[in-house]
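**Student:** this is the structure alone, sequence omitted:
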């Protein structure tokens, strides 16, 4: 299963959606996944150091044709791939060579992220024009291919639902109707998503793989006491730092749990959209 996230406009939470939303979907279904961070400027979704999600940076800045050729070879041997295509010039560069090298034939789903702007009604403007451009590219380059398209509305508030789309995203809603798209994915805004990167992993991972945080903290507190007893308080810097880090992670666990519970309903929608049995 190969999913490509694409939107030429920057700042739409494309990379955040790839690593904090789409990749954890596969983890939640007990499937391995690899993210390909495709960019000519910087590493976005491949910068998480402690995650179990595999990732690779695809550098388009020097020899983009060779980079895309290698990417095509890579995705042929990986079961589940998330292609995070950088915005601005990276989008057009990647699509040019992906089309020439017939890589687009391997894409199963195209996900278009669009960012919420709070309670601001997203009618006409840069985001809507960017989505129109994205569909022009899809219509031209994916004609006759198997890829299906869906929207991922990002940074939406808690409990955002289908009834809110037409009001807050009228321009996007009209495009969706014209393309026969009636299902939206919602990636809600959460402090857990922002803070989890401090620990080099996703909020979903913190929620689902770190149940022993209290025990770990108590162990570190015991170590801290031992160090202070043996060497004095001035020599406890390393252990004290670990205690503070664990304390922060415990605080983050609660918000990560709420976030994880909220996106499970979106994962169920993804089962249907992607045709995957949970």
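**Tutor:** Here it is on my side, so go on. Worth saying up front: this structure is predicted, and the values here are computed from it rather than measured. Numbering: from 1, shown residues only.
**Student:** please read off the pLDDT at residue 117 from the model.
**Tutor:** Residue 117 carries a pLDDT value of 69.
**Student:** what are the ranges of the strands in the stretch 101-250 of the chain?
**Tutor:** Assigned strands in the stretch 101-250 of the chain, in chain order: 109-115, 148-156, 184-188 (criterion: DSSP state E, counting those that start in this stretch).
**Student:** of all the ones you listed, which one is nearest residue 219?
**Tutor:** The closest of the strands of the stretch 101-250 of the chain to residue 219 is strand 184-188. By Cβ to Cβ, the value is 33.9 Å. Using the backbone N, CA and C atoms, a C-beta is placed for each residue, glycine as well.
**Student:** packing partners for the closest one?
**Tutor:** On a contact count with 3 or more Cβ pairs under 8 Å, 6 or more residues apart in numbering; DSSP states H and E, strand 184-188 meets strand 148-156, helix 237-274.
**Student:** mean pLDDT for these: which is lowest?
**Tutor:** helix 237-274 (a mean of 81).
**Student:** just want the angle from that one to strand 148-156.
**Tutor:** Here helix 237-274 runs at an angle of 140 degrees relative to strand 148-156 (axes from the mean of the first three to the mean of the last three Cα atoms, to 10 degrees).
**Student:** report the buried residues of stretch 70-78.
**Tutor:** For stretch 70-78, the neighbour count (16 or more other Cβ atoms under 10 Å) marks 71-72, 75 as buried.
**Student:** and that stretch, how far from the chain's centre?
**Tutor:** On the basis of Cα atoms, centre = their mean, to the nearest Å, stretch 70-78 sits 20 Å off its chain's mean C-alpha point.
**Student:** need the contact list for residue 173.
**Tutor:** By Cβ atoms under 8 Å, 6 or more residues apart in numbering, the residues touching residue 173 are 165-166.
**Student:** would you mind measuring from it to residue 60?
**Tutor:** Using Cβ to Cβ, to the nearest Å, residue 173 is found at 33 Å from residue 60.
**Student:** OK, contacts around the closest residue to residue 182 other than its chain neighbours?
**Tutor:** Leaving aside its chain neighbours, residue 182 sits nearest to residue 176 (7.2 Å; criterion: Cβ to Cβ, 6 or more residues apart in numbering). Contact analysis of residue 176 by Cβ under 8 Å, 6+ apart lists 151, 165, 182, 184.
**Student:** tell me where this structure has helices.
**Tutor:** Secondary structure of the chain (DSSP state H): helices at 14-17, 23-28, 64-75, 89-100, 126-141, 162-168, 170-178, 191-196, 203-209, 213-231, 237-274.
**Student:** would you single out the least confident of those helices?
**Tutor:** The minimum mean pLDDT among the helices of the chain belongs to helix 213-231 (a mean of 68).
**Student:** and the closest residue to residue 87 other than its chain neighbours, what are its phi and psi?
**Tutor:** In space, not counting the residues next to it along the chain, residue 87 is nearest to residue 10; the distance is 4.1 Å by Cβ to Cβ, 6+ apart. Dihedral pair for residue 10: phi -80, psi 160, per degrees, to the nearest 10.
**Student:** residue 10 contacts residue 90, correct?
**Tutor:** No. With contact defined as Cβ atoms under 8 Å, residue 10 does not reach residue 90; the gap is 9.7 Å.
**Student:** more neighbours: which of those two?
**Tutor:** residue 90 (22 against 15; other Cβ atoms under 10 Å).
**Student:** give me the distance between that one and residue 35.
**Tutor:** According to Cβ to Cβ, residue 90 and residue 35 sit 15 Å apart.
**Student:** same deal with residue 52?
**Tutor:** Look at residue 52 and residue 35: by Cβ to Cβ, they are 12 Å apart.
**Student:** okay, these two: which has more neighbours?
**Tutor:** The neighbour comparison of residue 52 against residue 35 (other Cβ under 10 Å) goes to residue 35, with 27 against 13.
**Student:** you'd agree the more buried one is up against residue 24?
**Tutor:** No. At 10.9 Å, residue 35 does not count as touching residue 24 under the criterion of Cβ under 8 Å.
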